[in-house]
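A.B. asks: Provided below are the primary sequence and the corresponding predicted coordinates.
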Amino acid sequence: MGIQITPSILNADLSRLADEVARIPSADWVHVDVMDNHFVPNLTLGLPVVEALSKHASQPLDAHLMIEDADRWAPAYAEAGCGSVTFHAEAAKAPVRLAREIRAQGARASMALKPATPIEPYEALLAELDMVLIMTVEPGFGGQKFLDLCLPKLRTARELVRKHGLETWLQVDGGVSLETIERCAEAGADVFVAGSAVYSAEDPDAMVQALKATAEAAAT
Ligand SMILES: O=C(CO)[C@H](O)[C@H](O)COP(=O)(O)O
């Protein structure tokens, strides 16, 4: 599939979501951060908004669920029209069942790891997943500083995917910008979430294209 950019709308104008998404036609996905004020100390948007947005976005939605009760709610996001649904390893009680339920609804199943959560205990689970999201900030807020300490985990994840002959995508999220994306691509990421870098740019779509070109050059 190659390099993909999935701008996070967390830093967009939330009162004009459909218009904000229309400003990034070069994006491969639209990343939607769902936060419940329990799993993370922030509250954003939920199922009804995601359902409404999926009817207006020309790209598929990439839902990142930063919620406690992932087992109950994640399949509903797939049913609501998201093309990819990410639950957190730290929140899911039955991740294999959950990944299968998401896939059964026709969406890609993905699992996220907070910066302190290792990848190794999940090696056997990789075959059940279409993507692993390696968080490069503590989840909860946009605009944070990129954590370089997460890069060794990304390299390990890439090695495990290769070792098992899988096609699992590796996503990074948090502090991804023109300054940091190269390091992520070199470490093995192929799907890049960028929030403030895209929506604080004068031309968000030009920024999406620049991020993609920079990652592609670093990955080759
Ligand atoms: O999941 C997130 C925060 O928990 C956001 O997707 C992420 O932080 C994107 O924003 P930025 O690129 O500004 O860091």
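C.D. replies: Everything's here; your move. Residues are numbered from 1 along each chain as shown.

A.B. asks: who are the contact partners of the residue of the chain found nearest the ligand?
C.D. replies: Closest residue of the chain to the ligand, Cβ to the nearest ligand atom: G195 (2.7 Å). Yep, even glycine has a C-beta here, placed from its N, CA and C like the rest. Counting by Cβ atoms under 8 Å, 6 or more residues apart in numbering, G195 makes contact with 7-11, 31, 33, 142-143.

A.B. asks: how about it, nearest residue that isn't a chain neighbour?
C.D. replies: Nearest residue to G195, sequence neighbours excluded (Cβ to Cβ, 6 or more residues apart in numbering): S8, at 3.5 Å.

A.B. asks: of the contacts of G195, the lowest pLDDT goes to which?
C.D. replies: For those, the model is least confident at N11; its pLDDT is 91.

A.B. asks: I'd say it and G142 touch.
C.D. replies: Yes. Under the criterion of Cβ atoms under 8 Å, N11 makes contact with G142 at 4.6 Å.

A.B. asks: which one of these two is surrounded by more residues?
C.D. replies: G142 (23 against 20; other Cβ atoms under 10 Å).

A.B. asks: any residues in contact with both of N11 and G142?
C.D. replies: 195-196.

A.B. asks: just checking, H64 is part of a helix?
C.D. replies: No. Counting by DSSP: H, G, I helix; E, B strand; the rest coil, H64 is not found in a helix; it is strand.

A.B. asks: that one: what's it in contact with?
C.D. replies: 8, 31-34, 86, 112, 133, 173, 193.

A.B. asks: repeat that for 10 Å
C.D. replies: By Cβ atoms under 10 Å, 6 or more residues apart in numbering, the contact set of H64 is 6, 8, 10, 31-35, 77, 82, 84-88, 110, 112, 133, 135, 139, 171, 173, 193.

A.B. asks: bridging residues for it?
C.D. replies: D33, T86 (DSSP bridges).

A.B. asks: just the local confidence number for it, please.
C.D. replies: Predicted confidence (pLDDT) for H64: 98.

A.B. asks: how close does it sit to G142?
C.D. replies: 12 Å (Cβ to Cβ, to the nearest Å).

A.B. asks: kindly report the residues of this structure close to the ligand.
C.D. replies: Proximity of the chain to the ligand is confined to 8, 10-11, 31, 33, 64, 137, 139-144, 173-176, 193-197 under the rule Cβ under 6 Å from any ligand atom.

A.B. asks: for ChimeraX, write a command that selects the buried ones of these.
C.D. replies: Under the burial definition 16 or more other Cβ atoms under 10 Å, those of those that qualify are selected in ChimeraX by:
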select :8,10,11,31,33,64,137,139,140,141,142,173,174,175,176,193,194,195,196,197
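
A.B. asks: next step: the residues of the chain next to the ligand restricted to strands.
C.D. replies: Under the assignment DSSP state E, those contribute 31, 33, 64, 173, 193-194 to strands.
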